[in-house]
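K.L.:
Quick one, structure for this:
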Amino acid sequence: MGGAYQEALDEKAAQRDALIRAALSHVPFDGWSRKTLAAAAASAGLGADAAARLFPGGVKDAVAHFMDLADRLMLEDLEGRDLAALKIRARITLAVRVRLERWTPHREAVRRALALSPLPMFAGESLRGWYRTVDAIWRAAGDASTDFNFYTKRGLLAAVYGATLLYWLDDRSENCSATWAFLDRRIADVMQFPQLKSRVTARFKDLPDPRRMFERLAGRVTGFKRSS
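P.N.:
So this is what the prediction gives:
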């Protein structure tokens with residue numbers, strides 16, 4: 001039974017991936033909407049009930065899966081790179097670049113998803129997705145910290161990734177060369193971590209839960225505000 005159950009889960013995950021991939025060509029016209037999901041299900045040959053069956057939470061679930069798919073594909077792309085031969089700064093830079101490069105043909109889909117993040121029904125899941133992304137980047141880069149550094153690294157990278165993402169969305173330079181130059185400058189600033197650590201620690205020393213520190217840092221980029 002266990003094997004059959006796992007196969008069913010894997011099949012469902014594959015169908016979700018397929019629906020999201022199919023949705024990318026519809027999003028520029030109809031946004032991330034139920035209409036888009038229905039059209040994507042039809043074009044992917046998944047059946048009329050696929051959108052509701054695979055994403056019972058509607059658009060919110062679909063956008064969350066889109067973010068998860070982007071994380072997984074980024075990690076797959078990085079598996080073929082010799083990260084161990086690179087310094088930590090280069091690993092982080094490469095990971096961010098690899099993540100964005102894959103979606104260059106679908107920047108409008110990314111833009112539409114990002115535009116939903118400040119809305120109340122999307123804000124919480126958007127922040128969780130943001131956290132998972134920067135955590136995945138740091139882990140791929142070999143970070144094994146478990147202390148306060150764990151959160152400050154992710155908070156600082158959230159700001160860098162967010163700024164780079166916004167720059168990339170409107171970059172029309174050849175092969176997005178302007179974005180990669182922008183990313184290099186931002187990474188150079190953030191990787192001065194020892195100098196920044198004391199300032200970040202002082203700023204958030206009144207917060208008992210380090211995760212709240214991350215929320216406040218990431219909020220500068222996403223527009224997320226912690227509910228009271």
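K.L.:
domains of this protein?
P.N.:
With domains defined by automatic domain parsing, the chain comprises 1-56, 58-222.
K.L.:
could the ones you listed go into TSV alongside mean pLDDT and mean neighbour count?
P.N.:
Backbone N, C-alpha and C define where each C-beta goes, glycine included. TSV is the format used below for the domains of the chain (pLDDT from 0 to 100; neighbours: other Cβ atoms under 10 Å):
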stretch	mean pLDDT	mean neighbour count
domain 1-56	92	16
domain 58-222	86	17
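K.L.:
For Tyr161, list the residues it contacts.
P.N.:
96, 133-134, 137, 221 (Cβ atoms under 8 Å, 6 or more residues apart in numbering).
K.L.:
Now name the helix or strand holding it.
P.N.:
Assigned by DSSP states H and E, Tyr161 belongs to helix 148-169.
K.L.:
residue contacts, the residue nearest the centre of the chain?
P.N.:
With distances taken as Cα atoms, centre = their mean, the residue of the chain nearest its centroid is Thr133 (4.3 Å). Contact partners of Thr133, counting by Cβ under 8 Å, 6+ apart, are 67, 70-71, 99, 161.
K.L.:
if you set the cut-off to 10 Å instead, what comes out?
P.N.:
Contacts for Thr133 (Cβ atoms under 10 Å, 6 or more residues apart in numbering) come out as 67-68, 70-71, 74, 95-96, 99, 154, 157-158, 161-162, 165.
K.L.:
just Glu11 next, same as before
P.N.:
By Cβ under 10 Å, 6+ apart, no residues touch Glu11.
K.L.:
which SS class is it?
P.N.:
For Glu11, the assignment made with DSSP: H, G, I helix; E, B strand; the rest coil gives helix.
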